[in-house]
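J.: sequence-free structure coming up:
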């Protein structure tokens, strides 16, 4: 099997020369990173994205609702973030979900179950599979990109079982890369599908429930986040089928990380001491828990507006196309101001930017598939359209992929 990361280059701020990108406005965007970076990039892969789905919690919290919680206003939040409302998972929520029974040989049953991240993932996956026309039993690989799983050991295997994947052939695992997770998951799955191995179809999910970890006492952060799940079906293609076009659906990609910035966006382990009565004075172990999420918004904004235009250009270079050949720009839905700056630096009009941030807030790994699902189902994104996608967030991590839909 080929390496998942096709090529790795280490760029050092002290030794590697800065590089620039050129949009259609011939603007220059300097690469200002000052610390060592890791990068993986590559060109066209014979993989097609053919199905998309999403799901969001039933509970809605609007900006007006938050006026009762904090000294804030709908206008203040909208003007600074572009967010009007968000969906959140609540403690006692339930959801009707059709899924395979664990007791009755995988029989599909419709049952009222707790509404959690797993059930959102199941619903999103089922919608993506339905659109793709691929049977769950023909899925070879399931990747769930999440930083907030219901099960610390991973949600992907249980989601794969619930939607009806064949346990004798499918492999399923979680991938953690925060808000870059779905983008990284697409690239990882595409590597498996295009390396000539046995895998032919993959299901990639992005699902997060960061409202579980947000500080609801912090006005500046609690307004930003929502919960949700999205899923995409990818299929290997040899280009022989006339419906495949040239067979290439992933045209180019580039991914980075810089751990020096981890402190700017983090959710750190915090164990509670617990004494067990081992011989002698006993042993102090931990009852596991995590601190609430913390974020330096100013530094994350600076990082995103600096690095995202560059990584998109890197992916375009790998694809061998220019920004003028891109039909849509789809960024992680973090803040409308970030989208405006990135589009401007690339020389792209906002009319090409896909966004539904105002309805969902920042849903982390779910944000790209949530927005793409809506754009495909409303007919905005059509078969053959070229989409420049970029994710960025904690790690710090960021990446881009150029996709051709359908």
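T.: Arrived safely. Keep in mind that this is a model prediction, so the values were computed, not measured.
J.: for residue 69, grab phi and psi.
T.: The phi/psi pair for residue 69 (degrees, to the nearest 10) reads phi -100, psi -40.
J.: can you get me a residue count around the residue lying closest to it once chain neighbours are set aside?
T.: Distances taken as C-beta to C-beta, 6 or more residues apart in numbering place residue 216 nearest to residue 69, at 7.3 Å, with adjacent residues excluded. All C-beta atoms are positioned from the backbone trio N, CA, C, and that covers glycine. Residue 216: 12 surrounding residues under other C-beta atoms under 10 Å.
J.: contacting residues for residue 215?
T.: 221-222, 292-294 (C-beta atoms under 8 Å, 6 or more residues apart in numbering).
J.: regarding it, which helix or strand does it belong to?
T.: According to DSSP states H and E, residue 215 maps onto no helix or strand at all.
J.: ditto for residue 309
T.: If you go by DSSP H and E, residue 309 is part of helix 297-319.
J.: which is the next helix or strand following that helix?
T.: According to DSSP H and E, the helix or strand after helix 297-319 is strand 328-331.
J.: other SSEs contacting that next one?
T.: Packing contacts for strand 328-331, counted by 3 or more C-beta pairs under 8 Å, 6 or more residues apart in numbering; DSSP states H and E, involve helix 336-346, helix 367-377, strand 386-393.
J.: would you turn these into TSV with mean pLDDT and distance to residue 91?
T.: Shown next, in TSV, are the helices and strands packed on strand 328-331 (pLDDT from 0 to 100; distance: least, C-beta to C-beta, whole Å):
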stretch	mean pLDDT	distance to residue 91
helix 336-346	97	30
helix 367-377	98	23
strand 386-393	97	26
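J.: which two among the contacts of residue 215 are spaced furthest apart?
T.: Spatially, the most separated pair among the contacts of residue 215 is 222 and 294, at 12.4 Å (C-beta to C-beta).
J.: one step back: now do the helix holding residue 309, average pLDDT.
T.: For helix 297-319, the mean pLDDT works out to 95.
J.: relative to helix 336-346, how tilted is that helix?
T.: Calculated by axes from the mean of the first three to the mean of the last three C-alpha atoms, to 10 degrees, helix 297-319 forms an angle of 40 degrees with helix 336-346.
J.: in helix 297-319, what's buried?
T.: For helix 297-319, burial by neighbour count (16 or more other C-beta atoms under 10 Å) applies to 300, 303-319.
J.: over to stretch 360-380?
T.: For stretch 360-380, the neighbour count (16+ other C-beta under 10 Å) marks 360-376 as buried.
J.: ok, now stretch 157-175?
T.: Buried residues in stretch 157-175, counted by 16+ other C-beta under 10 Å: 157-165, 170-172, 174-175.
J.: ok now that stretch, how far from the chain's centre?
T.: When distances are taken as C-alpha atoms, centre = their mean, to the nearest Å, stretch 157-175 is centred 19 Å away from the chain's centroid.
J.: swap in stretch 184-194?
T.: Stretch 184-194 sits 14 Å away from the centroid of its parent chain (C-alpha atoms, centre = their mean).
J.: the helices and strands packed on strand 328-331: which one's closest to residue 280?
T.: strand 386-393 (45.3 Å).
J.: quick one: strands adjacent to the closest one?
T.: With DSSP bridges as the test, strand 386-393 is paired with strand 328-331 (parallel), strand 397-404 (antiparallel).
J.: deepest of these, which one?
T.: strand 397-404 (a mean of 28; mean count of other C-beta atoms under 10 Å).
J.: show me the contacts for residue 125.
T.: 53, 142, 159, 163, 203, 205, 231.
J.: biggest separation within those residues, which pair?
T.: So, the contacts of residue 125 by C-beta to C-beta: farthest apart are 53 and 142, at 13.5 Å.
J.: what does the pLDDT read for the residue located most distally from the centre of the chain?
T.: In the chain, the residue that sits farthest from the middle, by C-alpha atoms, centre = their mean, is residue 280; the gap is 49.0 Å. With respect to pLDDT, residue 280 has a value of 94.
J.: for it, what are phi and psi?
T.: Torsion angles, degrees, to the nearest 10, at residue 280: phi 90, psi -130.
J.: with residue 260 instead?
T.: For residue 260, the backbone dihedrals (degrees, to the nearest 10) come out as phi -60, psi -20.
J.: read off the pLDDT value for it.
T.: Each residue has a pLDDT score; the one for residue 260 is 93.
J.: kindly report the same for residue 112.
T.: So, for residue 112, pLDDT stands at 80.
J.: that one in helix, strand or coil?
T.: Judged by DSSP: H, G, I helix; E, B strand; the rest coil, the three-state class of residue 112 is strand.
J.: would you map the strands across the stretch 51-200 of the chain?
T.: 59-62, 85-88, 94-100, 108-114, 141-145, 171-175 (DSSP state E, counting those that start in this stretch).
J.: which of those strands is buried the deepest?
T.: Buried most deeply of those, by mean count of other C-beta under 10 Å, is strand 141-145, with a mean of 29.
J.: got the angle between that one and strand 171-175?
T.: With the same axes, to 10 degrees applied, the angle from strand 141-145 to strand 171-175 works out at 20 degrees.
J.: mind listing residues that contact strand 141-145?
T.: Taking C-beta under 8 Å, 6+ apart as the rule, strand 141-145 contacts 121, 125, 154-157, 159-160, 165, 170-177, 181-182, 184-185, 188-189, 192-193, 199, 201-207, 365.
J.: same thing but at 7 Å, please
T.: Residues outside strand 141-145 that contact it (C-beta atoms under 7 Å, 6 or more residues apart in numbering): 121, 155-156, 159-160, 165, 170-175, 177, 181-182, 184-185, 188-189, 192, 199, 202-207, 365.
J.: sorry, back to before: take the strands paired with strand 386-393 and lay them out in CSV including mean pLDDT.
T.: Shown next, in CSV, are those (pLDDT from 0 to 100):
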stretch, mean pLDDT
strand 328-331, 98
strand 397-404, 97
